[in-house]
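A.B. asks: compute the structure for the input listed below.
(2 chains)
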Amino acid sequence: MKTATAATAVVGASAVALTSIKPLELYTSTSSTSSNQQTATVDPFAAQTVTLIVNGASYAVSVEPRDMLGNVLREDLGLIGTKRPCNRGECGGCAVLIDGVVHYSDNYPAIRLGNGQQILTVEAGVGAKNPDPVISALQQAWVTEDAGQCAYCAPGMIMSAAGLLKANANPTVAQIKAALSGNICRCGAYIAIIAAVQAAATSLQGTG
Amino acid sequence: MSQSQGPSPFTVNHPLNLVGNPNVLRRTTMARITGQEVYTADILPDHLGVTDLVYMGMVTCPYPRARITKIDVSKAVAAGYVTIEPSEIPPYSMYGISRPYSPLPIDGLTMYAGQPVVAVGAMDPNEVRDAINLVDVEYEPLEYVFDAEAALQPGAPQLWENGNSPAASVVYHYTPVSSTSNIVLGDSATALAQADQVVTATLTWGLVQHFEMEPVTALAWWTEGGLFLYGKDTYVHATQASFAGYFGLPLADVTVRTALGGIEGGMVCGGVFGNSVTADQYVLAALMSKKAGAPAKYTCTRFNNALSTTARYPVKGYISLGATNSGQITGMQATLYSNAGARGGYTGDVVDDLYDGYNIPNVTINAYTANTDMFNNAAYLRNVGEGQSHFILESAVDMLAEKLNIDPVQFRLNNMRGISATGALPTDAVSGLTYTSFGNPAATINASAAFGWTAAWKGWGVPSAVNGSIRTGVGMAGTSSNKGSAFPPTSGQIQVSPDGSVQVFTGHTDHGAGTSTTLPIMAAEALGLTTLTNVTLIASDTSLTTDSSVTAGSTSTRNCGPSLIAAAQDLASQWFPIVAAKLAAGTKASNLAFQNDTIYDTTNPSNSMTFKAAAALLTAPLKGYGTWNIFGLFANATRVGGAKFVELQVDTDTGEVHVTNYVGGLGLGKVIFAKGAQSQAQGAFVGMGQGVALYEELLMDPSTGLNLSGSYLNPNLLNYKPPTIMEVPDSAVGVWVEQNDPMGPYGAVGIGEPCLVSCEPAIANALSNALGGYRFTKLPIRREDIFAAIQWMQSTGKL
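C.D. replies: Numbering: from 1, shown residues only, chains lettered A, B, ... in the order given. Presented below is the predicted three-dimensional model:
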């Protein structure tokens, strides 16, 4: 099965299980993709039901190919912690983790999911039943360092930072800047944001 | 460092626990970053208890000016979508605007590229684009005008029947202002003719959009109980009055909330900076809801947000400034052209900052405002023209100091207006109004020392360091901002419940400036509390709160603080008799006071009761009411003065600019929310000042050969580049001189806007210092402008 190229546009694609992504399924019926069978033409815009695993819970959702994950998280699952400030992956406000890697959910078709990928949003942090320690530490640090003013960028910032800290427990300032360089904060809280990521890294190391 | 201007009537007698306490954290952050707090753009049908919600989008005009020749919505309607055509919105008067006003074209004429022409509604957000694509609109493009000065010349395309000068109309707000200002003090022509040195410059400031992170959103819902509006709104009570008038409804039948309103967790805006929801969005959402029979939500796309909301208006300024060889400014002449966009009116407040920061005895200022097809509507962006006027003035002041070869800080101090040696406050040179506080010169001296100016400054056009292709320059600009005052009258309430919890009521919202922390601090301090743990804010909801004026103009602290302190006093007058009866026999209620979570007898401090025990004496919640009025708008005007200092590096190989050090010095009143004040000072420079100076401008394409083709190039966050984390300075800090303004609550003034004012000329002046004295006269200073400076240096042997 050809699987590779369609996934290369995904941020951090190297860490994603590419073999799970089947772009041909967007245009063919799922039962006919095996080798010798005649491919049946189906409506390329038809909705499919996918099972999304978000913050540890499973949701069966009917999604159209044009449904981006950010839209599904908010409109279908009610998880409004993920913001859509620009609707097209230009500001980072929609960042989530998929299998530990940062993705802009506004650019990620939800129909590509449903193969066991673990999606994490800010709702996985403080207040969750089994809070993710990295997201929680970042949220605590966001409060103590005053890293959110209007805070509409903060969920995306926090998820971008969570992706960084999960891969690199002790990042340098340059690494923090690089990891958050796609996230825009119009209040200009970047200095406090850097301090918050550093504080979260320190507190996570303190807790072992 | 502090200077006393006498006690404020809006304060308390006990030592302050919460006001100015650096350990008080912003209260709302955790709710906002865990998905608990609902912003307006986040509202879902579930939040309203409904299953159906109409999502809205706009068919927009691609031309800056056109006549609509055809509108056909039949395909969209046949597909089940709801549409609103221009003919369905009778032009109306809103916010006191004298011209006809409609978000859709009037008389079949469009006035700017990106103007909504037809609104569509779909029950599925995915289908909004489908609906837009089914609407057929045809246009006949017309000649247009973008430049404000050109728009006022004979023969220019006319946007309005009565011409392009928006006389006596206003954008949103409250004071009709003539579109032409003429200030004359003394005899500027003679002063400039007799001056030893004169500089003359033309300075321009580009079109800047707010690009606040939460898109502008309006949600309207017609019910049997009336009209409910949920918006990214900074003045819900004004919206309520406007829409009650527009739809002919009793005031009680219109409810307006910021986001979901009410109890905190639902009154927040994701950044506004001057670009709140307006009637444009509300009217369309309200008509859509009425027509569709369901709540209707219009969240602007980034395209809509960039083009069809508001933008900070461009200003072109011609200025001449003269001085004696000894360094005294003697005269100024300035002519300003402000571009109000197609539908803007008020671009005032450019003018007074030109003459009131320095002692200039002879002044002539002519300021003109023009409507153009360049953009929709003029608005403020974290200041009301102060940014533009400071760039014009502080560039010219710097050039004049250079011509006189006087240190730029010393030259400004020589001429700066400020508190006299005897403590007398200055008055406005035109109105005669005496300011209640005035930041300079103390704030400039303080910031200069904090920056280390004396050691850093090596002379005009002499960089403080050269390391290979990296040249380090320093620069500064003065600040004198007529902001941080108030728009009274205002009101607020404080309620204590028997369980000891405290509810603070305000009509204000929190758009990121920290109101939801600052207001509870001021209320809790007035009650003698030492923590905010049991304090809740109920805000920005016409069904639960009263008018507290607009959340804008850096006024929240001064608007809301006095009424909340008055509410605490009213609460005490009801509560203390109940407490006195339970204290030692003969205790007089008039002797009781709040302090340290207790109510105590000032004549016998051990005769006391804890706040919580005193609350338990109540059988029902007790509410104190506070109002605050003063005679005359701006009667307590303040001037937040100071100076901004910048050290930056320019790479002459790449043209890259990197700020290494920023010190923003302001003369403030008492700081209420200390952590928030520092965040504002840093953020204003990092997130906006740098951007406006170096990156940000909404662009049109002037190069397609036809003068009918102007259209925007960058109405998105990718190509319009606000500063990112990569542009963070190595160091950025705000430094204060606290001055105890006698008309401010606890002595406070507001600082949201003054933090930004004059960041841009400070950067431009530092660049000049790094690059051999080359002067940058337009903003933003793009990479090609840096290269022009480098080429100039090479051609003149400076590099």
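A.B. asks: quick check: chain neighbours aside, which residue is closest to the closest residue to chain B within chain A?
C.D. replies: As assessed by C-beta to the nearest C-beta, chain B sits closest to A:Gly188 within chain A, at 2.0 Å. For every residue, glycine as well, the C-beta is placed using N, CA and C. Among residues not flanking A:Gly188 along the chain, B:Gly687 sits closest, at 2.0 Å (C-beta to C-beta, 6 or more residues apart in numbering or on different chains).
A.B. asks: and B:Cys755, by the same measure?
C.D. replies: B:Ala684 is the one closest to B:Cys755 (C-beta to C-beta, 6+ apart), at 3.7 Å.
A.B. asks: correct me, but the one you found touches B:Ala677?
C.D. replies: No. Taking contacts as C-beta atoms under 8 Å, B:Ala684 lies outside contact range of B:Ala677: 10.9 Å.
A.B. asks: those two: who's more crowded?
C.D. replies: Neighbour count, other C-beta atoms under 10 Å in any protein chain shown: between B:Ala684 and B:Ala677, B:Ala684 has more, with 28 against 23.
A.B. asks: okay, that one: pLDDT?
C.D. replies: Looking at B:Ala684, its pLDDT is 97.
A.B. asks: what residues are up against it?
C.D. replies: Neighbouring residues of B:Ala684 by C-beta atoms under 8 Å, 6 or more residues apart in numbering or on different chains: A:188, B:382, B:664, B:752, B:755-756, B:759.
A.B. asks: which strands and helices sit next to the longest helix seen in chain A?
C.D. replies: Secondary structure of chain A read by DSSP state H shows that its longest helix is helix A:190-206. Judged by 3 or more C-beta pairs under 8 Å, 6 or more residues apart in numbering or on different chains; DSSP states H and E, helix A:190-206 is in contact with helix A:133-144, helix A:154-167, helix A:173-179, helix B:674-683.
A.B. asks: go through that helix and flag the buried ones.
C.D. replies: A:190-201, A:203-204 (16 or more other C-beta atoms under 10 Å in any protein chain shown).
A.B. asks: could you dump those into CSV with pLDDT added?
C.D. replies: Compiled in CSV, the buried residues of helix A:190-206 are given as follows (pLDDT from 0 to 100):
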residue, pLDDT
A:Tyr190, 98
A:Ile191, 98
A:Ala192, 98
A:Ile193, 98
A:Ile194, 98
A:Ala195, 98
A:Ala196, 98
A:Val197, 98
A:Gln198, 98
A:Ala199, 98
A:Ala200, 98
A:Ala201, 98
A:Ser203, 97
A:Leu204, 97
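A.B. asks: where does the chain dip in pLDDT?
C.D. replies: You didn't pick a chain, so chain A it is. A:1-40, A:207-208 (pLDDT under 70).
A.B. asks: actually chain B
C.D. replies: Checking chain B against pLDDT under 70 turns up B:1-9, B:93-98, B:167-180, B:264-266, B:346-350, B:630-636, B:701-712.
A.B. asks: quick check: which element contains the residue nearest the centre of chain A?
C.D. replies: Nearest residue to the geometric centre of chain A (C-alpha atoms, centre = their mean): A:Val96, 2.1 Å. Using DSSP states H and E, A:Val96 sits in strand A:95-98.
A.B. asks: pull the CA atoms of stretch B:565-582 into CSV?
C.D. replies: Provided in CSV are the C-alpha atoms of stretch B:565-582 (Å, rounded to 0.1, in the frame of the first residue of the first chain):
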residue,chain,number,x,y,z
ILE,B,565,-14.6,51.7,47.1
ALA,B,566,-17.8,53.7,47.5
ALA,B,567,-19.7,50.4,47.4
ALA,B,568,-17.5,49.0,50.2
GLN,B,569,-18.4,52.2,52.2
ASP,B,570,-22.1,51.7,51.5
LEU,B,571,-21.8,48.1,52.5
ALA,B,572,-20.1,49.0,55.8
SER,B,573,-22.8,51.6,56.6
GLN,B,574,-25.4,48.8,56.4
TRP,B,575,-23.3,46.0,58.0
PHE,B,576,-21.4,47.8,60.8
PRO,B,577,-24.5,48.5,63.0
ILE,B,578,-25.3,44.7,62.9
VAL,B,579,-21.7,44.0,63.9
ALA,B,580,-21.5,46.7,66.5
ALA,B,581,-24.5,45.2,68.3
LYS,B,582,-22.6,41.9,68.7
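A.B. asks: list of residues touching that stretch?
C.D. replies: So stretch B:565-582 is contacted by B:10-12, B:492-496, B:522-523, B:526-527, B:587-590, B:592, B:594, B:599, B:609, B:614, B:617-618, B:622-628, B:745 (C-beta under 8 Å, 6+ apart).
A.B. asks: out of the residues you listed, who's near chain A?
C.D. replies: When C-beta under 8 Å from any C-beta of the partner chain is taken as the criterion, no member of the contacts of stretch B:565-582 contacts chain A.
A.B. asks: hang on, the earlier thing: do you know which of the helices and strands packed on helix A:190-206 lies nearest B:Val466?
C.D. replies: helix A:173-179 (24.7 Å; C-beta to C-beta).
A.B. asks: can you list the buried residues in that closest one?
C.D. replies: Those would be A:176-177, A:179, for helix A:173-179 by 16+ other C-beta under 10 Å.
A.B. asks: and that helix, how far from the chain's centre?
C.D. replies: 19 Å (C-alpha atoms, centre = their mean, to the nearest Å).
A.B. asks: is it in proximity to chain B?
C.D. replies: Yes. With C-beta under 8 Å from any C-beta as the measure, helix A:173-179 is seen reaching chain B through A:176-177.
A.B. asks: from the contact counts, what lies against that helix?
C.D. replies: Counting by 3+ C-beta pairs under 8 Å, 6+ apart, helix A:173-179 packs on helix A:154-167, helix A:190-206.
A.B. asks: B:His47 is nearest to which of the ones you listed?
C.D. replies: Smallest distance to B:His47 across those (C-beta to C-beta): 17.7 Å, for helix A:154-167.
A.B. asks: B:Leu287 sits in which helix or strand?
C.D. replies: With DSSP H and E as the criterion, the answer for B:Leu287 is helix B:279-292.
A.B. asks: what sits up against that helix?
C.D. replies: B:54, B:56, B:82, B:84, B:88-89, B:92, B:94-95, B:101-104, B:116, B:119, B:121, B:216-222, B:227, B:229, B:231, B:239, B:242-243, B:246-247, B:295-298, B:300, B:308-309, B:377.
A.B. asks: please redo it, this time with the cut-off set to 6 Å
C.D. replies: For helix B:279-292, the external contacting residues (C-beta atoms under 6 Å, 6 or more residues apart in numbering or on different chains) are B:54, B:56, B:82, B:84, B:94, B:103, B:119, B:121, B:218, B:220-222, B:229, B:295-296, B:298.
A.B. asks: how about residues contacting the helix or strand following it?
C.D. replies: Later in the chain than helix B:279-292, the nearest helix or strand by DSSP H and E is strand B:296-299. Residues outside strand B:296-299 that contact it (C-beta under 6 Å, 6+ apart) are B:41, B:53-56, B:121, B:215, B:217-220, B:281, B:284-285, B:288-289.
A.B. asks: ok, for residue 185, nearest residue in space, not its chain neighbours?
C.D. replies: In the absence of a named chain, chain A is used. Looking at A:Cys185 with C-beta to C-beta, 6+ apart, the closest residue is A:Cys153, at 4.4 Å.
A.B. asks: the intended chain is chain B.
C.D. replies: B:Val363 (4.2 Å).
A.B. asks: try A:Leu79
C.D. replies: Per C-beta to C-beta, 6+ apart, closest to A:Leu79 is A:Leu73, 4.6 Å.
A.B. asks: for the stretch 401-550 of chain B, which residues are neighbours of chain A?
C.D. replies: With the criterion set to C-beta under 6 Å from any C-beta of the partner chain, the stretch 401-550 of chain B comes near chain A through B:Gly512.
A.B. asks: just the strands in the stretch 401-550 of chain B please.
C.D. replies: Assigned by DSSP state E, counting those that start in this stretch, the strands in the stretch 401-550 of chain B fall at B:465-467, B:470-481, B:490-496, B:502-506, B:535-541.
A.B. asks: tilt between the last one and strand B:490-496?
C.D. replies: This means strand B:535-541. 140 degrees (axes from the mean of the first three to the mean of the last three C-alpha atoms, to 10 degrees).
A.B. asks: how far does the helix or strand following strand B:535-541 sit from its chain's centre?
C.D. replies: For strand B:535-541, the succeeding helix or strand toward the C-terminus, using DSSP H and E, is helix B:556-580. Centre-to-centre, helix B:556-580 and its host chain are 29 Å apart (C-alpha atoms, centre = their mean).
A.B. asks: nothing else from me, thank you.
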